[in-house]
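Peer 1: Compute the structure for the input listed below.
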Amino acid sequence: MKLNKSVQKPSILSAHVFGIFIGRLEGHFKSRPDQNLSLQFDYLSGNVWGQPVENYIPGTEAIKNTVTPYEWHRREFFVDRHDEHFQSNTENFKIAYDGVIKGLKAQMYVPLNSRNALQIELRSFLLTRGRFPFAGLTGDDFIESFHSNIAGGEDPFQRRDFGLNEAEINYTDRQGRQMLIGQNEGFFGGVKVDFYHYFENLLPNEVHFNIGLHSGVNTSPYNKSIDLGISANAFKQIAVGDRTYFQLGLNLGYLHLKSASFSDSNIEFATRPGFLNLESVFTYNLINSKQQTHSIGLDFYVQSAYHPPSEYDYSILFRNEQAERSWHHSVTQLYLNNNYWTLFYAFTENNSFRVYLQQDWRVNNTPDLQTGISYVINFR
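Peer 2: Coordinates of the predicted model:
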């Protein structure tokens with residue numbers, strides 16, 4: 001039985017409204033370099049929704065002590081945000097987003113020798129209204145129909161109240177720099193270059209191991225910078241029959257944000273210096289009589305928060321006048337780890353076709369639901 005020497009998974013990074021501007025890391029579960037060059041194309045569609053929220057962060061102990069005793073959703077009633085003293089002693093950011101983000105990635109994998117490989121990825125994104133049939137499962141109409149008829153209840157996140165099938169990302173950071181992206185507005189996100197070194201017999205029990213060095217050149221109008229990262233990946237295959245086998249993978253990475261910045265007007269997406277990420281994957285693989293492989297996998301990905309969670313203990317959130325329920329997620333999710341599950345299927349012969357369905361673990365619409373397809377061309 002000939003086993004695939006890597007997990008046949010698509011690119012599973014979510015269409016997070018901030019993450020798409022950053023060269024984020026994901027797992028690389030491969031035992032050794034491929035013999036030949038390959039090209040991978042990924043297309044994604046992710047529904048994002050966050051009600052308008054303004055968040056004030058106190059800069060003095062006096063204001064912190066005033067609001068800290070109260071629950072987060074009551075703090076706005078104990079301060080006057082229009083007061084001059086309050087304004088001069090706080091920082092604030094405003095955020096609202098709605099739409100279906102479409103993403104397209106192209107990735108070239110270049111084996112260098114028997115132990116090293118280079119990977120180059122281009123990424124671009126487009127914000128759309130997500131109307132049927134172009135959005136499918138990720139459109140507002142399908143999601144709200146699912147909520148109303150199957151699970152979640154009637155309009156649990158107030159999408160209908162604010163209007164279905166809209167498209168806009170509106171964010172003003174703490175320095176007053178605004179990012180406004182409208183319907184059908186797209187951008188080239190950047191280039192990511194990954195170098196991988198594969199170790200032989202480093203770990204016991206036939207566990208394969210590789211490390212990656214990463215450089216992400218961000219080129220969007222909102223973030224012109226370079227991110228640098230490092231990752232470690234462990235990978236094991238377990239044969240359970242003549243034609244079936246399991247795969248297990250574990251990834252740990254760290255990405256340092258804005259290691260170099262090329263613009264004074266870059267939007268501040270995170271106040272932490274970098275992100276930790278952890279990814280695990282499990283696949284069941286079946287080889288048929290034609291030596292074609294069917295793979296079903298489950299992937300779990302977690303990334304550290306964009307802002308220090310301790311800051312949330314005294315943050316003062318102001319809701320929109322129209323908001324009644326589930327109004328805080330656009331801000332609170334930035335103080336939480338970003339977690340999501342991905343269920344995927346792959347059909348592999350010489351080339352590989354892959355599809356997936358993704359749901360955010362915290363159900364905070366970052367994105368709410370994401371789907372994607374991937375195709376890998378292996379050159380002989």
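Peer 1: Report the buried residues of stretch 158-178.
Peer 2: Across stretch 158-178, burial judged by 16 or more other C-beta atoms under 10 Å covers 158, 159, 162, 164, 165, 167, 169, 170, 171, 172, 173. Heads up, the C-betas are built off the backbone N, CA and C, glycines and all.
Peer 1: let me redo that: stretch 103-116
Peer 2: 103, 105, 107, 109, 111.
Peer 1: Helices - which of the buried residues of stretch 158-178 land there?
Peer 2: 159, 162 (DSSP state H).
Peer 1: Please work out how many residues are found near the closest residue to residue 269 other than its chain neighbours.
Peer 2: Distances taken as C-beta to C-beta, 6 or more residues apart in numbering place residue 18 nearest to residue 269, at 4.3 Å, with adjacent residues excluded. Using other C-beta atoms under 10 Å, residue 18 has 22 other residues around it.
Peer 1: go on, residue 41?
Peer 2: 15.
Peer 1: Give me the sheet partners of the strand or helix carrying it and which way each runs.
Peer 2: In the assignment (DSSP states H and E), residue 41 maps to strand 38-58. Strand 38-58 has the following sheet partners, assigned by DSSP bridges: strand 90-111 (antiparallel), strand 316-319 (antiparallel), strand 369-378 (antiparallel).
Peer 1: Can you give the contact residues for the following helix or strand past it?
Peer 2: Going down the chain from strand 38-58, the next helix or strand is helix 61-67, by DSSP H and E. Residues outside helix 61-67 that contact it (C-beta atoms under 8 Å, 6 or more residues apart in numbering): 58, 75, 78, 79, 86, 89, 90, 314, 316.
Peer 1: out of those residues, which is most surrounded?
Peer 2: Ranking the contacts of helix 61-67 using other C-beta under 10 Å puts residue 316 first, with 25 neighbours.
Peer 1: shaky segments in the chain?
Peer 2: Applying pLDDT under 70 to the chain flags residues 1-2, 132-134, 147, 151-153, 155-156, 364-365.
Peer 1: Any figure for the gap between residue 78 and residue 69?
Peer 2: 9 Å (C-beta to C-beta, to the nearest Å).
Peer 1: Is it correct that residue 113 is in contact with residue 32?
Peer 2: No. Contact status for residue 113 versus residue 32: not in contact, 10.6 Å apart, counting by C-beta atoms under 8 Å.
Peer 1: that older thread, can you put the strands paired with strand 38-58 in a markdown table and add distance to residue 220?
Peer 2: Shown next, in a markdown table, are the strands paired with strand 38-58 (distance: least, C-beta to C-beta, whole Å):
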| stretch | distance to residue 220 |
| --- | --- |
| strand 90-111 | 13 |
| strand 316-319 | 27 |
| strand 369-378 | 20 |
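Peer 1: so which of these gets nearest residue 233?
Peer 2: strand 90-111 (14.5 Å; C-beta to C-beta).
Peer 1: on that earlier part again, okay, and which of the buried residues of stretch 158-178 map to strands?
Peer 2: 169, 170, 171, 172 (DSSP state E).
Peer 1: Next, give me the two most distant ones among those residues.
Peer 2: Taking C-beta to C-beta, no two of those sit farther apart than 169 and 172, at 11.3 Å.
Peer 1: Tell me the residues that contact both of these two, please.
Peer 2: residue 179.
Peer 1: ranges for the strands of the stretch 151-300 of the chain?
Peer 2: 168-172, 178-182, 185-199, 208-220, 223-239, 244-261, 274-287, 293-303 (DSSP state E, counting those that start in this stretch).
Peer 1: can you tell which of those strands is closest to residue 368?
Peer 2: strand 168-172 (14.9 Å).
Peer 1: okay, the closest one in CSV with CA atoms only?
Peer 2: Extracted C-alpha coordinates of strand 168-172, given in CSV (Å, rounded to 0.1, in the frame of the first residue of the first chain):
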residue,chain,number,x,y,z
GLU,A,168,-19.0,47.0,4.1
ILE,A,169,-16.1,46.8,6.5
ASN,A,170,-15.7,50.0,8.5
TYR,A,171,-13.0,50.2,11.1
THR,A,172,-11.3,53.2,12.8
